[in-house]
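>>> build me a structure from this.
(one chain, ligands or ions: 1)
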Amino acid sequence: MPHPAGADAGPSHRPAASSPVSSPVSSPATSAGLGPALEVRDLSMTYGSTRAVDGLSLEVPRGSITAVLGPNGAGKTTTLETCEGYRRPQAGSVRVLGLDPVADRRALLPRIGVMLQSGGAWSGVRAEEMLRHVARLHARPLDQAMLSERLGLAECGRTPYRRLSGGQKQRLALAVAVVGRPELVFVDEPTAGMDPQARRATWELLEELRGDGVTVVLTTHYMDEAERLADVVHIIDRGRLVATGTPSELTRGGRVSTLRLVLERPVPEGAPQRLAAELDATLQVLDATSLVLTGPADSTTLGRVAAWCEQHDVVPVQLSLGTRSLEDAFLELTGRDSAEPGGEPLPAGTDGSVEVAR
Ligand SMILES: Nc1ncnc2c1ncn2[C@@H]1O[C@H](COP(=O)(O)OP(=O)(O)OP(=O)(O)O)[C@@H](O)[C@H]1O
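Predicted structure coming up:
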């Protein structure tokens, strides 16, 4: 697995030059050679008859931001909760910073931070009291004023938890997760419900933490967030790992073009497949009139699409060309939108396959 600081990481993957959260408990240099921050091996978890995690194996390199992506119900939260020590693996194993999250819980607790999706606070506690309380549990907490300022919590510091907006609760949960200077922080959908400014502040904070050698494990339904932040992406679906790579690997460097075509009416059966073969592209049939073709594009591509439309006497009501995004890769691999619950795989006969670096 490539090191996050490797040549593949683009400018957006570089840590900030100087970091106000600077405090490292470890640094990329000192953590090198220590093995992965997180190691999941053949993990399986079931709830009654529901198999939430199904033989999942993945690693998180130290000092990286690693995104775990998957549609609703893919098993991300169950996996993370197992890594956080809230659930005991039913089959397989989990090692966090080289330790067993259940057996070594006391040793691990001061070294990891957890940002929960919701809850975890008494409804009457004020935001600043909550942060102060958690900070006092740690030996060398971050400066709370700085953290509150960075995350826009200063203005709601005296507001009781129950009166905080959804975005403010998210920011407080993030502050609570990082105030103890963890070596590894789990952030579950950190920017859900946040306004654009808070999102950006969160991204910058997470990037600075990585710059200080902190490992960040992130789940998100925002593909742009993963694409911007993550050094490594694991995509899971139905409890299984379906792809691993850097965003660049998963999007093939963004070089491959995506052609989205919406037609005024359906074309005869097999016609989209023939167009895909002619263009040497992979095909997704989103519905009877919407196609996504992903493949190499050159100056002849649009001409060929126009000829195909003429052949089938159909007018495209929408036609757009773009580079392949992480969202495109995600859709191809899982056959559904990242936030769409229980979507079905691609219809039979469509080719949703994608080559993915493993
Ligand atoms: N406590 C529980 N009891 C029963 N079933 C559960 C429980 N928690 C999760 N599940 C089921 O396990 C599967 C995986 O759920 P999980 O919450 O781990 O997925 P997820 O990828 O985190 O989803 P989301 O993106 O919606 O948060 C789903 O089918 C879910 O309904």
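>>> which residue ranges of the protein form strands?
Ranges of strands in the chain, per DSSP state E, are 38-47, 50-60, 65-69, 91-96, 112-115, 184-188, 215-219, 232-237, 240-245, 257-263, 282-287, 290-295, 316-323.
>>> contacts only, for Leu326.
If you count contacts by CB atoms under 8 Å, 6 or more residues apart in numbering, Leu326 has them with 223-224, 226-227, 233, 247, 250-251. Quick note: C-beta positions are derived from backbone N, CA and C, even for glycine.
>>> out of the strands of the chain, flag the one nearest Arg106.
strand 112-115 (11.9 Å; CB to CB).
>>> how distant is the closest one from the center of its chain?
16 Å (CA atoms, centre = their mean, to the nearest Å).
>>> and it, what's buried?
112-115 (16 or more other CB atoms under 10 Å).
>>> where does this structure have low pLDDT?
1-33, 117-120, 253-256, 336-358 (pLDDT under 70).
>>> could you list the domains of it?
Annotated domains of the chain cover 11-250, 252-334 [automatic domain parsing].
>>> now check the longest one, is it near the ligand?
It refers to domain 11-250. Yes. On the criterion CB under 6 Å from any ligand atom, domain 11-250 is in touch with the ligand at 47, 50, 52, 70, 72-78.
>>> so where do the helices sit in the protein?
28-31, 76-83, 105-108, 127-136, 144-150, 166-178, 196-211, 223-229, 247-250, 271-279, 301-311, 326-334 (DSSP state H).
>>> now distance to Gly295 too, for these, in TSV please.
Formatted as TSV, those follow (distance: least, CB to CB, whole Å):
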stretch	distance to Gly295
helix 28-31	37
helix 76-83	30
helix 105-108	46
helix 127-136	50
helix 144-150	43
helix 166-178	39
helix 196-211	31
helix 223-229	20
helix 247-250	16
helix 271-279	6
helix 301-311	9
helix 326-334	11
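>>> contacting residues for the residue nearest in space to the middle of the chain?
In the chain, the centroid-proximal residue (CA atoms, centre = their mean) is Ala67; its distance is 3.6 Å. Shown in contact with Ala67 (CB under 8 Å, 6+ apart): 218-220, 225-226, 229-230, 232-234.
>>> which of those lies closest to the ligand?
Thr219 (6.8 Å; CB to the nearest ligand atom).
>>> isn't that closest one up against Ile65?
No. Thr219 lies out of contact with Ile65 (CB atoms under 8 Å); the separation is 11.7 Å.
>>> neighbour count winner among these two?
Counted by other CB atoms under 10 Å, Thr219 and Ile65 do not tie: Ile65 has more neighbours, with 27 against 24.
>>> tell me the contacts of the more buried one?
4, 206-207, 210, 215-216, 218, 229-232.
>>> quick check: closest non-adjacent residue to it.
Using CB to CB, 6 or more residues apart in numbering and skipping residues adjacent in sequence, the residue nearest Ile65 is Val216, 4.3 Å away.
>>> Pro321 bridge partners, please.
In this structure residue 321 is Leu, not Pro. Leu259 (DSSP bridges).
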